[in-house]
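Engineer: Quick one, fold the following:
(chains A and B)
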Amino acid sequence: MAAPRSGFRLKSVADLQIWLQRNIGSRLSDETELVAHGGTALTLLGLKEASKDVDFAFRTKDDFDRLVALLRRIGYRVTMDVRPIPGEVLLRLENPSSAIDVVDLRFPTWNNWRLTQRVLEAGLIIPRGKARLVLPDRDAVFLFKTYPLRETDLEDLRTIIDLSRPNQRRVIGLFEEQDGLHRIDLRQANVSYEPLFNILNLRARFAGSLSLVGERHRGKVKQLAQFSLRKFEELGLLISLDALVDRIRDPDRIVDWDEVMGVDEDDLRKRLMPDDG
Amino acid sequence: MNMQLAAHLMSLVATGAYPTRELIRIAGYSPNTTLRYLRQLEEQGLVERIEARRFGRGRPPIVHGLTPSGLDQLRRFEISSFTQLRKSTGVVWGPRRSFALWGVPLFGRPDIFSRTELTSTWFEVVVEGRSGVYKHPIDGPDGAFPRLEALLAWAATSGNPRYLAAVSVLLSRRDLSVEDLATLACQYRSVNRVGFLAAIGGANRVSERFRPTGSSEVMLEEPLPGDDATAKLAVRWRVRGPLSQAVVKEMRRLYGSPP
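Structural biologist: Coordinates of the predicted model:
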């Protein structure tokens, strides 16, 4: 019969809050804003269990750099440094001896989403020493969960729909804003990534998530599901949503967006570019 | 002071950053009672008031947090509450708390396995009528936990992607009794799901011992498109709605390889 390891126990929001106060907030030299994301935000909202990694995003590079420097100083080691999407940094820092042993930090976006005033306006700022923990509201967390298309994230979406149904109008408003920001980027000639691909990704993943949560849950957020489908169909791609989601979810394939578009790229770009007015 | 009520409030404070109004709503006591207890807990240094702020308009809300001594006190409450329940109803710690014991700690509320619905407890209750998780429990310092083999055989039926991925990680433990697991997987009708999770996570000792049964098993209710490797294994193990390899890999990266 297997024998348990010693020293492991269930983690709680209290562990996170105490860690933020004792280990982070009391050691920071300047006020630093950390925005809770993903499973961490869901846990803080009291909605769902989450894996042990704690997710934070940042609005400024200074805040990001300050937290990375502090974590290194108190014994955390970088174990992952990747660019999940062009222009986005994801750093994982680990310290096995800490109650909060895995911290994931992202800057300047989180899975392509940007931390705008509108996203944060319904959120809470919880001071912990010099750390300012920002907890976005349920609707922002719901929208941000519509990107990864993993089973765990889809299950989280279902839980939010069951326990605390999102305000569909607000989620639509937030999506329109994020989509609009990427469309504004289409005007810029010198961006280091292709904004068109970001728009395709955002719309496909949004519609895909609301399709994959299943009929019963989709029926509870009908307005949102219909809106997401409309945004995808507006793209006029030759590939179906199901087929595209299939490709995005396959870890062994790199999505060739040029091939996916299958339409005149310039025409699509013109259609998506916002009017000057 | 009613200690059960105080413990319940502390457990809520420990599991979410709720503004006071929200805390009153989910606690289910009258606002006066909740506020009075919170004040007393603050006076005892177990709970602290945090003046939060909003980006938008509106009165700044108060959020409550446990102090380090409050968290210690809550853990003692949890153990004594659990011990009483164990004596009266035979409960064991639930899946979330048990996964932590076995090396896959999650964030979340403490939970218990119970044979019947329990209304008078603040633990999250997982009703499980079959005997597997209750038999030959592990007696830890915090109380009785299902033995690993029973937890894994049960969790393969849970339909919860995080639990399924945790199963896949823990199936590689070298001290796992594969024979015991096989017996329990038969009891829980999860042979194919356990076999699949072992195969996808590279737990060869288990996947080589297990053989797919004739009837197919549903792992996740909403089937998702998957990668080729997952699809092939799902066909071999007769599993519908399989967990994808990507989630298993991610869990393994996070929790490491078991001993």
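
Engineer: Helix or strand with the lowest mean pLDDT in chain A?
Structural biologist: Among the helical and strand segments of chain A, the one scoring lowest on mean pLDDT, DSSP states H and E is helix A:257-261, with a mean of 84.

Engineer: List of residues touching that helix?
Structural biologist: Residues external to helix A:257-261 that are found in contact with it (Cβ atoms under 8 Å, 6 or more residues apart in numbering or on different chains): A:Glu194, A:Leu196, A:Phe197, A:Leu200, A:Leu237, A:Ile239, A:Leu244, A:Arg247, A:Glu265, A:Leu268. All C-beta atoms are positioned from the backbone trio N, CA, C, and that covers glycine.

Engineer: how does it look with 10 Å?
Structural biologist: The list of residues contacting helix A:257-261 from outside it, by Cβ atoms under 10 Å, 6 or more residues apart in numbering or on different chains, reads A:194, A:196-198, A:200-201, A:204, A:235-239, A:243-244, A:247-248, A:265, A:267-269.

Engineer: And stretch A:169-177, by the same measure?
Structural biologist: Contacting residues not belonging to stretch A:169-177 are listed as A:113-114, A:116-119, A:121-122, A:136-140, A:142-144, A:146, A:166-167, A:202-203, A:206, A:221, A:223-224, A:227-228, A:231 [Cβ under 10 Å, 6+ apart].

Engineer: by contact count, what packs against the lowest-mean-pLDDT helix or strand in chain B?
Structural biologist: For chain B, scoring each helix and strand by mean pLDDT, DSSP H and E identifies strand B:138-140 as the least confident one, at a mean of 89. The contact analysis (3 or more Cβ pairs under 10 Å, 6 or more residues apart in numbering or on different chains; DSSP states H and E) places strand B:138-140 against strand B:92-93, helix B:95-101, strand B:143-145, helix B:148-155.

Engineer: strand partners of the shortest one, parallel vs antiparallel please.
Structural biologist: It stands for strand B:92-93. Pairing partners of strand B:92-93, with direction, according to DSSP bridges: strand B:111-114 (antiparallel).

Engineer: Can I get the helix or strand just after the strand it pairs with as PDB, trimmed to CA atoms?
Structural biologist: Following the chain from strand B:111-114 toward its C-terminal end, the next helix or strand by DSSP states H and E is strand B:124-127. What follows is strand B:124-127 as a C-alpha-only set of coordinates in PDB (Å, rounded to 0.1, in the frame of the first residue of the first chain):
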ATOM      1  CA  GLU B 124     -17.800  20.400   1.000                       C
ATOM      2  CA  VAL B 125     -19.500  17.000   1.000                       C
ATOM      3  CA  VAL B 126     -18.800  14.500  -1.800                       C
ATOM      4  CA  VAL B 127     -21.500  11.800  -1.400                       C
END
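
Engineer: Strand B:124-127 near chain A anywhere?
Structural biologist: Yes. On the criterion Cβ under 10 Å from any Cβ of the partner chain, strand B:124-127 is in touch with chain A at B:Glu124.

Engineer: what about the residue of the stretch 101-250 of chain B found nearest chain A, neighbour count?
Structural biologist: Nearest to chain A in the stretch 101-250 of chain B, going by Cβ to the nearest Cβ, is B:Gly108, at a distance of 3.1 Å. Here the count is done by other Cβ atoms under 10 Å in any protein chain shown, and B:Gly108 has 27 residues near it.

Engineer: Kindly report the same for A:Arg77.
Structural biologist: Burial measure for A:Arg77: 11 neighbouring residues, criterion other Cβ under 10 Å.

Engineer: which non-adjacent residue is nearest it?
Structural biologist: Nearest non-adjacent residue to A:Arg77, counting by Cβ to Cβ, 6 or more residues apart in numbering or on different chains: A:Glu94, 5.9 Å away.

Engineer: Could you give the bridge partners of the one you found?
Structural biologist: Taking DSSP bridges, one finds A:Arg77, A:Val102 as the beta-bridge partners of A:Glu94.

Engineer: residue ranges of the strands in chain B, please?
Structural biologist: Assignment of strands within chain B using DSSP state E yields the ranges B:47-51, B:53-54, B:62-66, B:92-93, B:111-114, B:124-127, B:138-140, B:143-145, B:217-218, B:239-240.

Engineer: Looking at the ones you listed, which is nearest to A:Val82?
Structural biologist: strand B:239-240 (30.7 Å; Cβ to Cβ).
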